[in-house]
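Visitor: Mind looking at a prediction? Sequence and model below.
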Amino acid sequence: MGRQARDLPDDLAARLAARVRAGEFAPGARLPSERDLSAEYAVSRPVVREALSHLKSAGLVEARAGSGVYVTAKAEDRAFRLHPVDLEQDESLAQVMELLMAVEVAAARSAAVHRTEADLKHIRRELLGMEYAIASDRLGDDEDFAFHQAIVAATHNPYFVSLCSHLDYGVRRVIRVTRSNTRYHMSEMQDAVQCEHRAIYNAIAASDAEGAARAAGVHLQNAVKRLYKVRDSGA
């Protein structure tokens with residue numbers, strides 16, 4: 001069995017744990033069935049079973065005979081929480097972007113080192129999806145979200161996956177709501193954003209770890225400038 005196949009249960013467990021810790025599945029809530037999780041994540045049911053076994057060992061979920069798998073009350077105590085992000089406050093915005101900068105720059109660097117050809121195809125598919133969405137006069141925010149998720153997945157590091165999944169569910173979603181205004185009020189920004197995304201992809205494709213880190217850093221620094229510009233314009 002190859003490294004990527006061995007990592008699948010760990011990767012899936014990290015993703016599900018992040019969703020639990022982010023509050024998407026509250027204590028007492030029933031997780032989707034093995035069949036549904038298998039379809040959602042495009043993995044086999046044995047992979048799902050092993051991932052759920054990891055969550056049980058961590059005390060995040062419990063199996064109830066004939067009923068399914070449920071989130072335990074302990075999961076709430078183990079949740080990783082961030083203070084709400086106030087995008088109207090410069091300090092709050094600067095602090096959350098500092099966190100995203102540290103995590104995403106490191107993820108891009110790691111992806112350039114550890115990505116497989118399959119990972120690269122996945123990242124490129126999401127990049128092209130963004131371009132198609134924009135050409136179709138759509139915002140492309142879901143595709144943007146998927147692009148960054150694909151990069152994190154390419155690290156093959158379940159701890160990156162877990163942390164970034166939480167950020168994606170919480171902080172990043174708040175920021176993406178603000179960024180959505182750029183399409184309607186500052187559409188010229190879209191070309192610049194796509195150039196930044198292509199620079200990240202090209203560096204990862206070239207296995208250029210430092211280049212990928214720099215490109216991700218530039219992208220996030222410019223994202224901050226765009227956020228300030230949209231916010232301060234009253235958009």
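Guide: All right, it came through fine. What you see is a predicted model; the values in this text were computed from it and never measured.

Visitor: Does the closest residue to residue 125 other than its chain neighbours lie in a helix or a strand, and which?
Guide: If the residues on either side of it in the chain are set aside, residue 125 comes closest to residue 150, at 7.8 Å by Cβ to Cβ, 6 or more residues apart in numbering. (C-beta placed from N, C-alpha, C; glycine too.) Here residue 150, judged by DSSP states H and E, is contained in helix 141-153.

Visitor: what comes up buried for that helix?
Guide: 141, 143, 144, 145, 146, 147, 148, 149, 150, 151, 152, 153 (16 or more other Cβ atoms under 10 Å).

Visitor: Of the residues you listed, just say which sits nearest to residue 219.
Guide: Closest approach between the buried residues of helix 141-153 and residue 219, by Cβ to Cβ: residue 148, at 9.7 Å.

Visitor: Distance check, that closest one against residue 62.
Guide: 32 Å (Cβ to Cβ, to the nearest Å).

Visitor: for residue 41, same thing?
Guide: Relative to residue 62, and taking Cβ to Cβ, residue 41 is found at 21 Å.

Visitor: residue nearest the centroid of the chain?
Guide: residue 149 (3.8 Å; Cα atoms, centre = their mean).

Visitor: pLDDT wise, what is it at?
Guide: Here, the pLDDT recorded for residue 149 equals 86.

Visitor: The nearest residue to residue 109 once chain neighbours are set aside is in what secondary structure piece?
Guide: Spatial nearest neighbour of residue 109, excluding adjacent residues (Cβ to Cβ, 6+ apart): residue 213 at 4.1 Å. Using DSSP H and E, residue 213 sits in helix 209-232.

Visitor: tell me the mean pLDDT for that helix?
Guide: Mean predicted confidence for helix 209-232 is 86.

Visitor: Residue 192 is in contact with residue 219, isn't it?
Guide: No: the criterion here is Cβ atoms under 8 Å, and residue 192 misses it with residue 219 at 9.7 Å.

Visitor: These two: which has the busier surroundings?
Guide: A direct count of neighbours by other Cβ atoms under 10 Å for residue 192 and residue 219 places residue 219 higher, at 21 against 14.

Visitor: Which phi and psi values does residue 62 adopt?
Guide: With angles defined as degrees, to the nearest 10, residue 62 sits at phi -140, psi 150.

Visitor: cool, residue 154 as well?
Guide: Dihedral angles for residue 154 - degrees, to the nearest 10 - are phi -70, psi -10.

Visitor: Show the pLDDT at it.
Guide: In this prediction residue 154 is given a pLDDT of 94.

Visitor: Tell me how far it lies from residue 29.
Guide: 30 Å.

Visitor: for residue 203, same thing?
Guide: Distance from residue 203 to residue 29, by Cβ to Cβ: 40 Å.

Visitor: where are the low-confidence patches of this structure?
Guide: Counting by pLDDT under 70, the low-confidence segments of the chain come to 1-7, 75-88, 139, 165-166, 168-188, 230-235.
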